[in-house]
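Participant: Next come a sequence and a model predicted from it.
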Amino acid sequence: MALALTVWVTAAVRADDETTGLQEVSVVALGVSNAVAASSGDVSHEALGNQPLLRPGALLENVPGLIVTQHSGEGKANQYFLRAFNLDHGTDLATELDDVPVNMPTHAHGQGYSDLNFLIPELVGNLHYQKGPYYAEEGDFATAGAVRMSLLDRLDPAVSADLGPDGYRRALLLDSRPVGAGAVLAAAEIYRNDGPFDVPDDYHRLNGVLRFHQGNEADYWSLTAMGYQGQWNSTDQVPQRAITDDLIDRFGSLNPTDGGQSARYSLSFNQVHRTDTGQEQLSAYVVRYRLDLWSTFTYYLTDPQHGDQMLQHDDRIVYGLKAAKTWDATPAGLTMTNVLGFQTRVDDIRDVGIFHTDQRRVLGTDQDAGVREAASAIYGENNTQWLPTLRSVLGLRADLFEFDVRDKMLNTDGSCNLGSDPLGCDTGRKRASILSPKLGIVLGPWADTRFFISLASGYHSNDARGVTRSGPNPNDAPVTPLTRAISAELGVSTTVLRDWTSCLDLFELKLRSELVFDGDAGLTSPRGATTRTGMEWSNRWPINQWLSADFNAAVSRGRFDQNVPPDDLGCAAAAASHPCAQPIAITGRYIPNSPTNVLDAGLTAQSARGWFAALRARHFGESPLVEDNSAKSPPYTTVDAQLGFRPTPQWLVALALFNIFDVKWNDIEYYYVARLQNENAPAADYVVHPGTPRTVRLKLQYTL
């Protein structure tokens with residue numbers, strides 16, 4: 001124990017089971033430790049299916065305190081908020097499906113980009129969430145937390161059709177049948193939606209899954225193939241003044257050619273072998289991924305003639321392997337479990353770039369590179385029951401990253417410098433490593449109450465292009481490859497009233513000073529050290545056999561440790577012919593878009609006569625948009641509902657109603673400088689993307 005604590009200090013300074021559904025659920029999670037914090041939990045397949053979902057990514061809102069939004073077309077990855085983080089598209093939230101990571105490092109649009117549009121929610125068998133970096137098996141991007149989802153191995157064959165306004169159509173075919181000594185599961189989804197926008201999203205999505213599973217709970221393996229294709233138009237966020245001045249209406253667009261297309265194909269293998277004294281686990285995967293994303297965020301700020309539309313292009317293959325061994329021991333009569341694991345991943349990014357475009361026509365190249373990023377890790381964890389009311393969890397994780405970047409913006413002689421790449425040549429290689437110790441103490445139970453003390457170090461990686469590049473100024477330091485986070489948490493979990501489970505935690509998370517690579521601009525920007533603190537309270541209560549309730553609340557505070565350098569909100573990028581009318585220099589300690597309070601509550605009913613219903617409300621509190629808190633996003637509350645009936649065992653009819661009270665809310669809100677085409681000078685303004693108005697969707701399903 002003393003040695004482990006010494007390692008912790010040195011490394012830190014240096015560098016209610018809900019599976020009650022009818023379908024058989026197989027959870028494959030490599031080397032996942034037992035709960036060491038009150039903020040972790042599981043959501044079963046049945047619970048996931050008892051609520052209306054506006055989009056596939058909304059499945060993650062089953063994590064208490066997590067908000068999922070969208071600031072552009074539905075084919076783009078969602079925006080996530082958790083624990084005082086604006087997680088962007090996944091920078092500090094690690095997401096996996098069947099042990100295949102979703103996050104994309106060194107992505108064209110944003111570090112850790114997590115696009116869940118390939119997910120068919122009906123196939124998710126279990127959702128396991130862990131907040132904070134307290135778990136040795138979690139590495140990159142798991143700073144604020146991690147979400148692991150598993151797929152079903154078998155289900156009842158069914159066909160369903162969904163209909164709704166604004167061109168919403170969805171057809172889903174599910175099949176499962178025995179083949180030899182195992183079972184095959186197949187699924188196909190066809191999806192189309194225009195959304196409420198003046199320029200229809202015209203989002204077309206195709207998804208397919210083919211999965212073979214063989215074995216029993218103690219010894220099994222599976223092979224899964226998945227494919228996704230999507231294309232869409234985007235109504236990007238617009239300056240509020242464009243709506244106020246009647247240039248467009250609330251759902252209007254300033255550039256109808258924004259949009260994107262994306263594809264993801266994967267093949268993965270999982271194997272688990274359990275014995276009376278432990279288990280061995282192995283998984284391997286390969287992912288083929290592409291994205292072309294056309295966006296206009298600042299309109300005519302940098303190019304008064306053609307506008308600021310850009311194409312962000314990403315083309316890669318991802319390979320990975322995970323292995324873990326768990327074994328039990330009883331030294332000196334103590335109950336002990338040990339985990340030893342290995343993980344490796346290679347992102348072969350053939351092309352990642354930013355291109356200046358006009359109506360999707362390429363005008364020039366702002367950035368273009370090929371990247372090979374390799375990450376490997378070993379981790380160990382010891383879980384010891386010292387007394388009936390005292391358990392400790394000690395873990396240590398070691399990660400090694402290798403960044404290899406090849407700048408494709410070259411001079412005629414093949415050389416690379418500021419002449420060929422004005423942002424600074426990013427060709428180069430760099431290696432970085434980090435140690436992340438973990439400590440957890442669990443006290444209890446006393447009267448069905450447990451107490452948790454957690455302390456850990458974690459990290460997230462930065463974009464490889466920033467790691468090997470200093471920028472236009474050769475005196476600037478390159479981006480920190482691996483940004484360390486140190487977090488502590490106190491928690492309590494109790495059963496207060498006949499199966500009513502209540503969990504409360506207090507956390508603090510510190511991120512060290514870092515330089516952040518901005519994928520949208522292709523530049524590095526300095527940011528200071530930050531501290532996030534908060535309190536989270538989650539409750540689940542099965543009131544009786546047919547009615548259950550849940551309530552979750554999160555209050556958080558995010559601040560820079562010191563005043564940040566003056567922020568001009570983008571004025572420096574303005575064209576010389578149309579500069580900002582007044583200089584802008586905002587300084588302060590507020591973290592822009594850091595959520596302050598999140599509330600969500602729900603009621604779920606399931607009648608023995610075939611009726612079922614769900615009612616859910618979520619509240620997203622006021623958030624600072626700039627460092628001095630002079631601009632803030634307003635709070636909003638939305639309520640969704642679902643009502644369904646099974647007239648026979650084969651037929652299901654359900655009606656989902658989103659935003660029942662037709663609240664005018666913004667899915668996302670920023671504050672920065674943009675210039676409209678008819679303006680002499682750019683101006684800082686609230687930049688918004690409207691949330692979904694009241695929408696109804698009908699579902700018909702027939703079980704074969």
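Facilitator: Done, it's in.
Participant: show me where the stretch 151-300 of the chain has helices.
Facilitator: Listed in chain order, the helices of the stretch 151-300 of the chain (DSSP state H, counting those that start in this stretch) span 240-244.
Participant: quick one: the strands in it?
Facilitator: Here the stretch 151-300 of the chain has its strands, by DSSP state E, counting those that start in this stretch, at 158-164, 168-179, 182-193, 203-215, 219-233, 238-239, 259-275, 278-295.
Participant: and those strands, which is most packed in?
Facilitator: strand 238-239 (a mean of 26; mean count of other C-beta atoms under 10 Å). For the C-beta atoms, the positions are set from N, CA and C on the backbone; glycine is no exception.
Participant: Within the sheet, what are the partner strands of that one, with directions?
Facilitator: Strand 238-239 has these partner strands in its sheet, going by DSSP bridges: strand 683-690 (antiparallel).
Participant: got a list of what residue 504 touches?
Facilitator: 38, 491-492, 535-537 (C-beta atoms under 8 Å, 6 or more residues apart in numbering).
Participant: and with 6 Å instead?
Facilitator: Counting by C-beta atoms under 6 Å, 6 or more residues apart in numbering, residue 504 touches 492, 537.
Participant: which parts of the helix or strand containing it are buried?
Facilitator: Per DSSP states H and E, residue 504 falls inside strand 500-511. Under the neighbour-count criterion of 16 or more other C-beta atoms under 10 Å, strand 500-511 has 501-505, 507, 509-511 buried.
Participant: Sketch out the low-pLDDT regions of the protein for me.
Facilitator: Across the chain, the ranges flagged by pLDDT under 70 are 1-35, 470-475, 514-526.
Participant: So for it, which residue is the most central one in space?
Facilitator: residue 90 (3.8 Å; C-alpha atoms, centre = their mean).
Participant: circling back to that earlier point, for the strand holding residue 504, list the C-alpha coordinates in CSV.
Facilitator: Taking C-alpha atoms only, strand 500-511 is exported to CSV below (Å, rounded to 0.1, in the frame of the first residue of the first chain):
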residue,chain,number,x,y,z
TRP,A,500,-35.0,3.5,-4.0
THR,A,501,-31.2,3.8,-4.8
SER,A,502,-29.7,7.3,-4.3
CYS,A,503,-26.1,8.3,-5.1
LEU,A,504,-24.4,11.5,-4.2
ASP,A,505,-20.9,12.6,-5.2
LEU,A,506,-18.6,15.6,-4.9
PHE,A,507,-15.7,15.9,-7.4
GLU,A,508,-12.8,18.1,-8.3
LEU,A,509,-10.9,17.8,-11.6
LYS,A,510,-7.8,19.8,-12.5
LEU,A,511,-6.4,20.0,-16.1
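Participant: Tell me where the stretch 451-600 of the chain has strands.
Facilitator: Going by DSSP E, counting those that start in this stretch, the stretch 451-600 of the chain shows strands at 482-497, 500-511, 514-518, 523-527, 530-542, 547-560, 597-606.
Participant: Any chance of these in JSON lines with distance to residue 196 as columns?
Facilitator: What follows is these, written out as JSON lines (distance: least, C-beta to C-beta, whole Å):
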{"stretch": "strand 482-497", "distance to residue 196": "38"}
{"stretch": "strand 500-511", "distance to residue 196": "37"}
{"stretch": "strand 514-518", "distance to residue 196": "30"}
{"stretch": "strand 523-527", "distance to residue 196": "34"}
{"stretch": "strand 530-542", "distance to residue 196": "32"}
{"stretch": "strand 547-560", "distance to residue 196": "28"}
{"stretch": "strand 597-606", "distance to residue 196": "23"}
